[in-house]
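Q: Need the 3D shape of this:
(2 chains)
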Amino acid sequence: MRLAIARLFQTTAVFIATLSAVLLCVVSPALASDHQDTTFLATKLTAADLTDLFVFEDPANTDNVVLAMDFDPLIVAGEVRPFDPSVLYQFKIDSLGNDGVEDVVLQFMVNGTGPNQTVIVYGPGKPNTVGTQSTLLPASGTSNLNTTFTTSNGVTTFVGLRKDPFFFDLSQFLKIIPDRDFHNQPDPPPPFQVLSFRPAGQAQDTLDPYNVHSIVVELPKKLLLSQGSNGKIGVWMTTSVKTPRLRDGSFAQIERLAIPALNELFMDFQAHNVSNLQTPKNDQSNQSNFIRTFIATVGRPKGISDAVVAVAIPDVIQADLNQSTGVYFGTQLASLGAAPPNLGGRRPKDDVIDTTLSVVFGSAVTNITAGAIPTLTTDNVGPKDSNFLSTFPYLGNPRT
Amino acid sequence: MYLRLWLIVLCLLVLPGQPWAQALDMGDQNNSQFAIRNSQLTGKSSALVFPDYLQRSHIINFYEQEVHKSPDSPLPLRLLAAQYLKRFRETGDVEDLLRAEQAARSSLAIQPYRNGISSMLLASALLSQHRFQEALDLVTDSQRLVPSEPSVVSLTASIQMELGNYEAAHQLLQTLPDEEGLSGHNAVVARYQELTGDLAGARELLEQTMQQMDSFYTNSAETRAWFHVRAGDLAFASGDLALSLQRYQEALDLFPLELAAFTGLARLYAVQHRWQEALEAANQGIELVPLVETLGYKADAQRALGARKGAAETEALIEVVGHLSQVKGIYDRALAVYYTEHGIHLPEALQIAQREVALRDDIYAEDTLAWAAAANGHWQDAQRASQQATRYGTEDALLLFHAGTIALHCGDREVAIKQLTQALNLNPQFHYKYADEARRVLADLEETL
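A: Numbers count the residues shown, from 1 in each chain, chains lettered A, B, ... in the order given. Now for the predicted structure:
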């Protein structure tokens, strides 16, 4: 009874506590690159919360390409978190016309509950429907989680827990830009009261302690190309769930993501859900505005926003599969004549934050120096080799 | 003297002073009496639900260490606050509520802007402590939160409902987008419908939302259980006792320590005069947290089973709880309801009810005041409060019984017949003694026609 007595101050607040907590649960939006995007995803279904997409060359086989998606962030060391069997995970590949419409999809669902969950791979193949509704392709393989296996059509696959590969000094970033949206509110302090990241040695990787759920595939490049393709692709990822609204049983998209930090750095938080429910086709009109507004707000010339829009819109990771190696944004830069042809894509160790910062606050790519803030061009956090593997699945072993 | 001694002892137990200091030195807390242990749980199967609560203290330990490592980072504090709130709901440890408040405040101190979630976490912690106006002030601070964000709208609306500002809540809920997946928002909308005369609509929405929550295996066990309890409550309000029983049992399958399910079961068995089962359900709830309401069902069951001494001891405990609540500034309406229903401490019941109305003038505060005033013979006050309590057409049989009884005493026979009839139509077994009394009164009224 003593135990119960010690809880006497639990009052009728139980009802309202839970009601309000249903609205909250675990929420921490705006954790770049896209960790915990939108309140819905963070409160209701973290399993569908996409964080990072990688597209890169197979270091051992130039005929292959690697795709990796991370989701369900902030898993602490030692925490057991299951996969959700209701979520459809998809890589979507635009391999024809650079039109933001998927020509090939590769789908994944987890089967079962409890400790013996398995994963089923569907495709890759031409989607039954394009856009924000999806149905499953024929299955090509199944296996237990946290093991590497190969599907019947030659897709080496890993689905399981990994060390979160993203690295960023988010805490300092939030001191620099406490509220991107300060124009819309009465009195918040304007950004840039703090004008530098922490120096190397003091800078901290906010995501260093955390694990994440990952899907990694290594497959022949030809499986991602359609007839008539010139070898250049755009890749994005989505999560979808079934909904009573779609009576035919198809899945409805609830999030999409590709380029890291695009949403988090430039976009108003309220706009994330709108973007999540769209396809890349609308990015030119939607996301470009956020980029231009942000860059004007921080006092950089229009040439900077032109450059960012040119490489980051539509929100897909572009890769030239005719090439064997690449650098981040390399495909777009090659198209603009600013780099030799290369695969482009994004590797787990690419310092995408520094790349983005050096364009937005520095003179990288544009050579524009007006309004530059050199102390903001790097967060002084780089990739730790111990967080990565040199062979498949490339993402490092989880923290234990 | 006995009570005063208890009061001092219990205050020492539950008011250690500096929760945040403890939160930063939690080595023993996570192994304390409040941590959920596997041995306490008898959930049906991990195939039904993921028992996330078993890892809560581990996760909290982790975030506490992160706060130690990066004391000037708002993120671990925010995540820690959220986990404290979760554990509060899972274990009922009010210290976690205070820890959550402190962690959220610390996060906001470091990052005052673009930290809306910390503001909402703080508001939630305040709300749970019945600090309604502080919570409302926080969520309506447009410098901290985006007023149009659906979660802010829903939280603000739920606070307004707690304060009895139903028009304001309605206006807010009208602005919610028609989006899929708004389970939390649907719960708030259903609560509004329930309170404002659309019980059927509330049931339909809540059942749908409960099924939606259940469709995702990874949703929090306690949250899923809570939706089942709410569905059980609404089924009870509608007189569907079989479904109500099923929903409460499902809640306990999902989360075996779901306090509200035990309270609901105790009420459900009591109205059916299944006193032994009522006693067992009440005991299980009381073992978790001795709520006045659950203690009341226990005392009633003991009395019905002839355990007079036990009933007297339970009643004494109710009084201790009531005093402790008042020490904390919480005027627990459940205490006033118990006193009134049992004809004891009637002046005190009226005082509690009056204070409650002053704090938050919602439908149930007015109903409690009406019934307590009636019990004290203040019939005009009772009628005034009763009219306030029923002004939104709330389909709650007990509330209608109170209103009908008061109307009859005040000479409004037609209103009395209408309200008592409606009460019985809604739920023929709404209360273990008042349902029969309503039938008797109606029969008497018919005889005198």
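Q: Report the separation between B:Tyr113 and A:Lys175.
A: Going from B:Tyr113 to A:Lys175 by C-beta to C-beta, to the nearest Å gives 11 Å. Quick note: C-beta positions are derived from backbone N, CA and C, even for glycine.
Q: To clarify, my last question referred to A:Pro209.
A: For A:Pro209, the distance to A:Lys175 (C-beta to C-beta) stands at 20 Å.
Q: just B:Val292 next, same as before
A: Relative to A:Lys175, B:Val292 is positioned 47 Å away (C-beta to C-beta).
Q: any chance you could map the helices in the stretch 151-300 of chain B?
A: Using DSSP state H, counting those that start in this stretch, the helices of the stretch 151-300 of chain B run over B:166-174, B:183-195, B:199-214, B:221-237, B:241-254, B:259-271, B:275-288, B:292-304.
Q: likewise the stretch 301-400 of chain A?
A: Applying DSSP H, counting those that start in this stretch to the stretch 301-400 of chain A gives helices spanning A:302-312, A:330-335, A:352-360.
Q: What of chain A?
A: Remark: helices assigned in chain A by DSSP state H are A:2-5, A:13-24, A:39-44, A:170-176, A:272-276, A:283-297, A:302-312, A:330-335, A:352-360.
Q: rank those helices by mean pLDDT and give me the bottom one.
A: Looking at the helices of chain A, the lowest mean pLDDT belongs to helix A:2-5 (a mean of 38).
Q: what about B:Trp226, how many residues close to it?
A: The tally of other residues near B:Trp226 (other C-beta atoms under 10 Å in any protein chain shown) stands at 28.
Q: Could I have the CA atoms of stretch B:201-208 written out in PDB?
A: The C-alpha atoms that make up stretch B:201-208 are tabulated as PDB, following Å, rounded to 0.1, in the frame of the first residue of the first chain:
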ATOM      1  CA  GLY B 201     -20.900  11.100 -33.200                       C
ATOM      2  CA  ALA B 202     -18.300  10.900 -30.500                       C
ATOM      3  CA  ARG B 203     -18.600   7.100 -30.300                       C
ATOM      4  CA  GLU B 204     -18.300   6.700 -34.100                       C
ATOM      5  CA  LEU B 205     -15.300   9.000 -34.400                       C
ATOM      6  CA  LEU B 206     -13.500   7.400 -31.400                       C
ATOM      7  CA  GLU B 207     -14.100   3.900 -32.500                       C
ATOM      8  CA  GLN B 208     -12.700   4.700 -36.000                       C
END
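Q: Look at residue 369 and say how many residues are nearby.
A: I'll assume chain A. Neighbour tally, A:Thr369, other C-beta under 10 Å: 10.
Q: You answered for a different chain; I wanted chain B.
A: 29.
Q: ok, back up a step: looking at the helices of the stretch 151-300 of chain B, which one has the lowest mean pLDDT?
A: Across those, helix B:183-195 gives the lowest mean pLDDT, at a mean of 89.
Q: how close does the spatially closest residue to B:Gly201 that is not a sequence neighbour get to A:Val327?
A: Leaving aside its sequence neighbours, B:Gly201 sits nearest to B:Gln193 (C-beta to C-beta, 6 or more residues apart in numbering or on different chains; 4.6 Å). Distance of B:Gln193 to A:Val327, given as C-beta to C-beta: 56 Å.
Q: So these two - more neighbours on which side?
A: B:Gln193 (21 against 18).
Q: where are the low-confidence patches of chain B?
A: Applying pLDDT under 70 to chain B flags residues B:1-46, B:142-144, B:178-183, B:329-331, B:449.
Q: can I see the domain layout of it?
A: Domain segmentation of chain B under automatic domain parsing yields B:13-30+B:48-257, B:331-449.
Q: hey, which of the ones you listed is tucked in deepest?
A: Among those, ranked by average contacts under mean count of other C-beta atoms under 10 Å in any protein chain shown, first place goes to domain B:13-30+B:48-257 (a mean of 21).
Q: hey, where'd the strands end up in the stretch 51-200 of chain B?
A: Counting by DSSP state E, counting those that start in this stretch, the stretch 51-200 of chain B forms no strands at all.
Q: Also chain A?
A: Secondary structure of chain A (DSSP state E): strands at A:50-57, A:64-75, A:88-94, A:104-111, A:118-125, A:133-134, A:139-144, A:148-150, A:156-163, A:211-220, A:232-242, A:251-257, A:317-320.
Q: Buried residues in stretch A:284-300, which are they?
A: Residues A:Asn286, A:Gln287, A:Ser288, A:Phe290, A:Ile291, A:Arg292, A:Thr293, A:Phe294, A:Ile295, A:Val298, A:Arg300 are the ones in stretch A:284-300 that count as buried (16 or more other C-beta atoms under 10 Å in any protein chain shown).
Q: so A:Asn144 makes contact with A:Thr118?
A: Yes. Assessed by C-beta atoms under 8 Å, A:Asn144 is found in contact with A:Thr118 at 5.6 Å.
Q: between these two, which one's more packed in?
A: Higher neighbour count among A:Asn144 and A:Thr118: A:Thr118, with 16 against 12, using other C-beta under 10 Å.
Q: so who does that one touch?
A: By C-beta atoms under 8 Å, 6 or more residues apart in numbering or on different chains, the residues touching A:Thr118 are A:Val110, A:Asn111, A:Gly112, A:Thr142, A:Ser143, A:Asn144, A:Leu145.
Q: Need those in a markdown table (columns: pLDDT).
A: Below are these laid out as a markdown table (pLDDT from 0 to 100):
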| residue | pLDDT |
| --- | --- |
| A:Val110 | 98 |
| A:Asn111 | 96 |
| A:Gly112 | 94 |
| A:Thr142 | 98 |
| A:Ser143 | 98 |
| A:Asn144 | 97 |
| A:Leu145 | 97 |
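Q: Nearest to chain B among those?
A: Nearest to chain B, judged by C-beta to the nearest C-beta, of the contacts of A:Thr118 is A:Gly112 at 8.0 Å.
Q: any idea how far that closest one lies from A:Ile120?
A: 10 Å.
Q: what's the answer for A:Ile373, then?
A: A:Ile373 is 49 Å from A:Ile120, by C-beta to C-beta.
Q: before we move on, what about A:Gln284?
A: Distance, A:Gln284 to A:Ile120, by C-beta to C-beta: 35 Å.
Q: what do you get for A:Pro82?
A: Relative to A:Ile120, A:Pro82 is positioned 16 Å away (C-beta to C-beta).
Q: Next: B:Thr209.
A: Per C-beta to C-beta, B:Thr209 is found 29 Å from A:Ile120.
Q: How about B:Gln351?
A: Counting by C-beta to C-beta, the gap between B:Gln351 and A:Ile120 amounts to 64 Å.
Q: List the contacts of the residue nearest to A:Leu389 when sequence neighbours are not counted.
A: Counting by C-beta to C-beta, 6+ apart, A:Leu389 lies nearest to A:Gly396, which is 5.8 Å off, once chain neighbours are set aside. Residues counted as contacts of A:Gly396 (C-beta under 8 Å, 6+ apart) are A:Arg162, A:Lys163, A:Pro165, A:Ser386, A:Asn387, A:Phe388, A:Leu389.
Q: Nice, that's everything, thank you.
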